[in-house]
Every structure is written in C-alpha cells, then in structure tokens.
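Trainee: no sequence on hand, only this structure:
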Ligand SMILES: [Zn+2]
C-alpha cells in the first residue's frame, strides 16, 4: 500500500493540516488548505476517486468543495469524474452546506456519491482496498470516524481526531500500522497525547505507529524519546507499506 503524508500537523502549526493519500486515489480528510498542499506535493488530483472524512471539524473537511470543483474544472479524459465520499450524516451536511456557500457551481454539479461511514464494513468501495469503520470519541463531536484500510498485504488504521478511547485500542489490535492523532504531550478528552502512545506501544509491541495531527512542540518532544515503532515523519513523506 502506498501512503503519502500530505499533512502531519494541526491548524495552528507550521506543518500542513493532517491528511493522508492512499494508493494515489483515496484521500483521508480534506482540511482547509489541503488542495494547495496537494498541488505543492505534485499529487495528481484528477486520480482521486474516494474521499474519506473523519469528522465535521473545519480542519478535516473544509476543502472538500474545492477538491470536487477542481476535478470538474480541470477534468482530463481518462479520469473518473465522480467521487465517493465516505463520512457520517453530520459531516455530509457540512460538506453540502459548504458547496452551497462556496458558489463554486462545478462542485455542486459534479457527480458525487455519499456513503455513510457506518455502512462500510470491509467493503471494497474503491477496488484495491477494503474499508471498515470504527467509532472514536472526540469530546462533543457526535460522529468521529476511525477507519481500517486493508489490502492483501497490509492493514492500516486511521483514527482521525480522537481521545485515547476504546475505539483506538480496538483498531490498534487489528492493524499493522496505526496512523493516529498525537496532538498533545498529555492526552485529554479531545486528542491523544504522547503518554497514550507510550501506553499503546506497551500493549501492542508489534504495532507501528505513525502519528499525525501533531503540534510542533509535541513532535519535537516525541522525537527526543526515540521510541521503537514510533515513526515521526514530515509533510510529503511517501511510504510503501
Ligand atoms: Zn476535530
């Protein structure tokens, strides 16, 4: 599985907002500024046919209209115009409202298919990988969606924003790689901290953790620890898992 870390930071840091590209055609989260981040990383945006969104916060979905708009206005033959959008009903409503507010008519007109996150259960919605959903806990957000993406060789977990909840441990127990929230040094009811990551690594010694959504300070502190199986990368990193 090919993974590109489009963004590894949070909205208030130097690094891009957290977003992942899988096998060149699936994007996990489309935060504000993500279209530009993708252009800067020479990503072929027309290849993207599936957008998976973790939750309704702006720094996870506010660029969704611009992805759809770009696909229509810069369309080249040979590409899929339609986009599957896997998310919950609240985030779907947010994306539809943003499309309306944007006045970018191409985003409204272009073909798209919303798939409710709770309906994906190891389904092959986009050919080469299976996707399943695991609910997370992210303070007062009703739907925070974690996912497992799997092909015949490898499985990865994507937590999105979450506290160190039961869902995180459930995903961690099932995957080879966990690409997860590590916003803080000490976790709270919104986000995972380095303290939680240390605990996870003790419980699942074979799990490889790739943190994203890191504050700059958290990133620096975590690097100093030199933990086995904790891989801290910068924006644009490409991995073959
Ligand atoms: Zn959030």
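Mentor: Received the coordinates, thanks. These figures come from a predicted structure and were not determined experimentally.
Trainee: for the rest of this, base every contact and every neighbour count on C-alpha atoms.
Mentor: Will do.
Trainee: which residues touch the residue nearest in space to the middle of the chain?
Mentor: Centroid-nearest residue in the chain: residue 28, 3.3 Å away (criterion: C-alpha atoms, centre = their mean). Shown in contact with residue 28 (C-alpha atoms under 8 Å, 6 or more residues apart in numbering): 19-22, 51-54.
Trainee: and residue 207, by the same measure?
Mentor: Counted by C-alpha under 8 Å, 6+ apart, residue 207 has contacts 172, 175-178, 201, 229.
Trainee: among those, which are located in strands?
Mentor: 177-178 (DSSP state E).
Trainee: look up the closest residue to residue 102, ignoring the ones flanking it.
Mentor: residue 65 (7.5 Å; C-alpha to C-alpha, 6 or more residues apart in numbering).
Trainee: distance check, the one you found against residue 46.
Mentor: Applying C-alpha to C-alpha, to the nearest Å, the value for residue 65 to residue 46 is 14 Å.
Trainee: compare the two (neighbour count), which wins?
Mentor: Neighbours were counted for residue 65 and for residue 46 using other C-alpha atoms under 10 Å; residue 65 has more, 25 against 21.
Trainee: test for you: state the pLDDT assigned to that one.
Mentor: The model reports residue 65 with a pLDDT of 98.
Trainee: helix, strand, or coil at it?
Mentor: Secondary structure assignment for residue 65 (DSSP: H, G, I helix; E, B strand; the rest coil): helix.
Trainee: what about the residue of the chain most remote from its centre, which SS state?
Mentor: Relative to the centre of the chain, the most outlying C-alpha is that of residue 77, 27.8 Å out, by C-alpha atoms, centre = their mean. For residue 77, the assignment made with three-state DSSP gives coil.
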